[in-house]
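Novice: The following comprises the amino acid sequence and a computationally predicted model.
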Amino acid sequence: MALSGNLDAQRRRDELVELANAPRGVMIDAAAELFAVSPMTIRRDLLELEAEGRVRRVRGGATAAPRARPFDARRAIRATAKRTIAEKALQLVPTAGSIALDASTTVSMLASAIGPRSGVTAYTNSFESFQLLQPFEGVSAVISGGTAEPTTGSLVGPLARRSIRSVYFDIFFSSADALDSDDGTSEVSVEEAELKQAMATNAATTVVLIDSSKLQRRSVARALELHEISVLITELEPRDERLDPYRGIADIR
């Protein structure tokens, strides 16, 4: 049953934000019917809400606005998918050489599984991954300098970027807050995006580990261009149709 069409605009937008925060977000056509207004009115509402940082527009609607979440809270989200992704990525970790690991929870699962190596140097801006790598024989863990980001547990800023840019990597393992088949990866903050750009620039191979809920989405700050991504790993089977927009862009696993 449609709500009254006489709801004032501010109340309607407040309720749109609540709907966008639901697991599936809010769709324009459904919201137009719910509030008894035109789809164009809902589009204008969502444009204004996105400008205020209250929602993120997606194709056909909107979802919750991107925000930095504490590491422990992020680790619990889609944990099964992240474990599957980490298991696939483990096959690409060399026995020797240099690798870079970002500060994502997906990559931390990979770090926890690396195990003994003959001589790997692992650079990271993640406190969590740095600690997880300590027990492994043959793995030398190096943490970047920088400014601590208390919410995400990462190190960011000019010092972190300068530290990363002084090293060349065989492989960079990165996750992302979103991946779009036109615009590449994006992050919740400019600082996180800039650090991943620095890692990718100095890496011979960049592997993006991302669960399927983040596909065909955009976050706040652009990070990696599509041509920088060598391998794309999700929890899906490589032939899954949801991966069709990325075929020809990267090796899909």
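Specialist: Received, thanks.

Novice: Can you give the contact residues for the host helix or strand of residue 111?
Specialist: If you go by DSSP states H and E, residue 111 is part of helix 105-113. The contact list for helix 105-113, computed with Cβ atoms under 8 Å, 6 or more residues apart in numbering, reads 71, 74-75, 77, 82-83, 85-87, 89-90, 93, 101, 122, 124, 126, 128-129, 132-133, 173-175, 209-211. (C-beta placed from N, C-alpha, C; glycine too.)

Novice: need the contact list for residue 57.
Specialist: Residue 57 makes contact with 46-47, 50, according to Cβ under 8 Å, 6+ apart.

Novice: re earlier: output the helix holding residue 111 in CSV with nothing but the alpha carbons.
Specialist: What follows is helix 105-113, C-alpha atoms only, in CSV (Å, rounded to 0.1, in the frame of the first residue of the first chain):
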residue,chain,number,x,y,z
THR,A,105,40.2,-8.2,6.1
THR,A,106,40.2,-10.5,3.0
VAL,A,107,43.9,-10.0,2.5
SER,A,108,44.5,-10.6,6.3
MET,A,109,42.9,-14.0,5.8
LEU,A,110,45.5,-14.7,3.1
ALA,A,111,48.3,-13.5,5.4
SER,A,112,47.1,-15.9,8.1
ALA,A,113,47.4,-18.9,5.7
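
Novice: so for that helix, what's the average pLDDT?
Specialist: The average pLDDT within helix 105-113 is 94.

Novice: counting contacts, what elements does the following helix or strand past it pack onto?
Specialist: From helix 105-113 onward toward the C-terminus, using DSSP H and E, the following helix or strand is strand 119-124. Contacts defined by 3 or more Cβ pairs under 8 Å, 6 or more residues apart in numbering; DSSP states H and E place strand 119-124 against strand 96-101, helix 127-133, strand 139-143.
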